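Peer 1: With the sequence up front, the predicted model follows.
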Amino acid sequence: MEVREANSAYVVLVDTDAHKVPVGYKRTEVGVIPEDWEVVSASDACEKIQDGTHFSPRIGGNDYLYVTSKNIRFGFLDMSTATRIDAAQHRAIYRRCDVKKGDLLLTKDGANTGNAALNTYDEEFSLLSSVAFLRFRPGKHSASYFLQQVLTSRGQHQIQDAMSGNAITRLTLEKINKLHFPVPSTKVEQETIAEVLNDADALIESLEQLLAKKRQIKQGTMQELLTGKRRLPGFKGVWQAKTLGDLFTISGGFSASRAQLSADGHCYLHYGDIHTSDKAFIDVRAEFQNIPKLGVPLKRVAPSALLDDGDVVFVDASEDDEGTSRHVVVANPDRTPFISGLHTIVAKAKSADLDHLYLRYCFQTRAVKSQFHFFAVGTKVSGISKTNITKVTIPIPKLEEQSAIAAVLSDMDAEIDVLESRLAKTRQLKQGMMQVLLTGRMRLVGPSKMDALPC
């Protein structure tokens, strides 16, 4: 057992993974928990569990919000798409399903089953049957604590198990009543645990908002700098508009599929890997171990299909308009054998007047993307041909200005990367905290919660 002090509260961490149950703990159907904890069902913990109307009302009027499963996200409410119904319909629904502020809302039907959130709204609203509310006994149980329990992997697995065997995937009220969770015997301890986890959630939310703001700022900066609408200090002169046919030699990829992949061979870029990546470049030196390999004799590969440093690889097929302009720029200074596969278009620069870092950004403006959409053909699957891609036009400044613009955008990407890493670590920290706090393996004992969370 380890005991350490943290900001006026004592944190007691007990190893319950050992085969022998530690002193002060007991083994239960939900695992090893403290002796003074209990396992309670939702039915025992709640004074009311009810779902919404089973008859869809007429949408219209401005009287009351009408909440469905799409408004219940994983841990929070999203009323941005909620519709409204008139007062008469709301009253008929609310007589049976009188959801109140502080109730726990749980999605019980559809793809979002298992999503849960606390009702933070003071105003009345109506629920559809795809959502149930759980009203916990106010003197004994904390709804915020039970929300965190529902969001754990164990809580989600319990919900999935409760739905198994049904012809229609649905969480019934009967099965919601039978959900069971480990619970501290005092509401004070429940609230202390919930407050620490809520603080972690607040930190995650603030990082998400900051990250979204940084991404939005970067997008706006790209639209201005890459079109010449805003110039960096020290640069002037008219930009030239050039087609991709002027700037690049265009060719197709190597005729190979994923079925030919092997443990060894040449690095291989599949068009699906471009679609699923959120990066506009691939660094062969840094990512070599994770790049798929293709075991074919190099002599069978045309030189045009081998990817060099600075080559741009576009996809020629997509299931949506946004995907028609998907691409990656290759960073391959070591000239590692790297092959572009089926459904790709390889663009090799004709001169050294294109900055490799600039190429990672210049195809991402709305003006350039709209041209890809215009030249793409097809219905369910659309794509741009090698002939049409040569017609796409981009504005090009001189090399020095390209480098300066790329440096600004690269610095912004570096800031975003730091935030993304911090957010990932904070989410991981929250998951670890849930595992130990919601099982009683870590006890928070003292007059106050921890004031700060490590990040």
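Peer 2: Received the coordinates, thanks. If you're wondering where the values come from, they're calculated on a predicted model, not measured in any experiment.

Peer 1: Tell me where the stretch 1-150 of the chain has helices.
Peer 2: Listed in chain order, the helices of the stretch 1-150 of the chain (DSSP state H, counting those that start in this stretch) span residues 42-45, 87-94, 143-151.

Peer 1: So which bits of stretch 20-29 are buried?
Peer 2: Within stretch 20-29, the residues that qualify as buried are Tyr25, counting by 16 or more other C-beta atoms under 10 Å. All C-beta spots, glycine's among them, are computed from the backbone N, C-alpha and C.

Peer 1: first vs last residue of that stretch, how far apart are they?
Peer 2: With C-alpha to C-alpha, to the nearest Å applied, stretch 20-29 spans 16 Å between its terminal residues.

Peer 1: Report the distance from it to the chain centre.
Peer 2: Stretch 20-29 has its C-alpha centroid displaced from the chain centroid by 37 Å (C-alpha atoms, centre = their mean, to the nearest Å).

Peer 1: State the mean pLDDT of stretch 89-107.
Peer 2: Across stretch 89-107, pLDDT averages out at 96.

Peer 1: Show residues contacting that stretch.
Peer 2: Around stretch 89-107, the neighbours that count as contacts under C-beta atoms under 8 Å, 6 or more residues apart in numbering are 50-53, 57-58, 63-64, 66-67, 69, 72, 77, 113-122, 124-127, 130-136, 143, 146-147, 150, 171, 176.

Peer 1: Please put the alpha-carbon coordinates of that stretch into CSV.
Peer 2: The C-alpha trace of stretch 89-107 is given here as CSV (Å, rounded to 0.1, in the frame of the first residue of the first chain):
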residue,chain,number,x,y,z
GLN,A,89,-47.6,17.8,-27.1
HIS,A,90,-44.9,18.6,-24.5
ARG,A,91,-47.4,18.4,-21.6
ALA,A,92,-48.6,15.0,-22.8
ILE,A,93,-45.1,13.7,-22.9
TYR,A,94,-43.9,15.3,-19.7
ARG,A,95,-46.6,13.9,-17.5
ARG,A,96,-44.9,10.5,-17.9
CYS,A,97,-41.3,11.5,-18.5
ASP,A,98,-40.6,14.6,-16.3
VAL,A,99,-36.9,14.9,-16.8
LYS,A,100,-35.3,17.5,-14.5
LYS,A,101,-32.0,19.3,-14.1
GLY,A,102,-29.4,16.9,-12.6
ASP,A,103,-30.9,13.7,-14.1
LEU,A,104,-28.6,11.4,-15.9
LEU,A,105,-29.6,11.0,-19.6
LEU,A,106,-28.7,7.6,-21.2
THR,A,107,-29.1,6.7,-24.9
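
Peer 1: how about the helices in the stretch 251-400 of the chain?
Peer 2: Counting by DSSP H, counting those that start in this stretch, one finds helices in the stretch 251-400 of the chain at the ranges 271-276, 284-287, 356-359, 366-375, 386-389, 399-437.

Peer 1: Just name the most buried of those.
Peer 2: Mean neighbour counts were compared across those using mean count of other C-beta atoms under 10 Å; the top stretch is helix 356-359, at a mean of 21.

Peer 1: If you count contacts, what does that one end up packed against?
Peer 2: With contacts defined as 3 or more C-beta pairs under 8 Å, 6 or more residues apart in numbering; DSSP states H and E, the packing partners of helix 356-359 are strand 327-331, helix 399-437.

Peer 1: still on that earlier bit, using JSON lines, lay out the helices of the stretch 251-400 of the chain together with distance to Leu210 and mean pLDDT.
Peer 2: Formatted as JSON lines, these follow (distance: least, C-beta to C-beta, whole Å; pLDDT from 0 to 100):
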{"stretch": "helix 271-276", "distance to Leu210": "26", "mean pLDDT": "88"}
{"stretch": "helix 284-287", "distance to Leu210": "26", "mean pLDDT": "92"}
{"stretch": "helix 356-359", "distance to Leu210": "25", "mean pLDDT": "95"}
{"stretch": "helix 366-375", "distance to Leu210": "24", "mean pLDDT": "92"}
{"stretch": "helix 386-389", "distance to Leu210": "37", "mean pLDDT": "94"}
{"stretch": "helix 399-437", "distance to Leu210": "6", "mean pLDDT": "96"}
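
Peer 1: I'd like to know which of these is closest to Pro34.
Peer 2: Evaluated over the helices of the stretch 251-400 of the chain, closeness to Pro34 peaks at helix 399-437, with 11.7 Å, by C-beta to C-beta.

Peer 1: which helices and strands sit right next to that closest one?
Peer 2: For helix 399-437, where contacts count as 3+ C-beta pairs under 8 Å, 6+ apart, the packed elements are helix 187-225, helix 356-359, strand 442-445.

Peer 1: could you redo the last one with a cut-off of 7 Å?
Peer 2: Applying 3 or more C-beta pairs under 7 Å, 6 or more residues apart in numbering; DSSP states H and E, one finds that helix 399-437 contacts helix 187-225, helix 356-359.

Peer 1: Many thanks, I have nothing further to ask.
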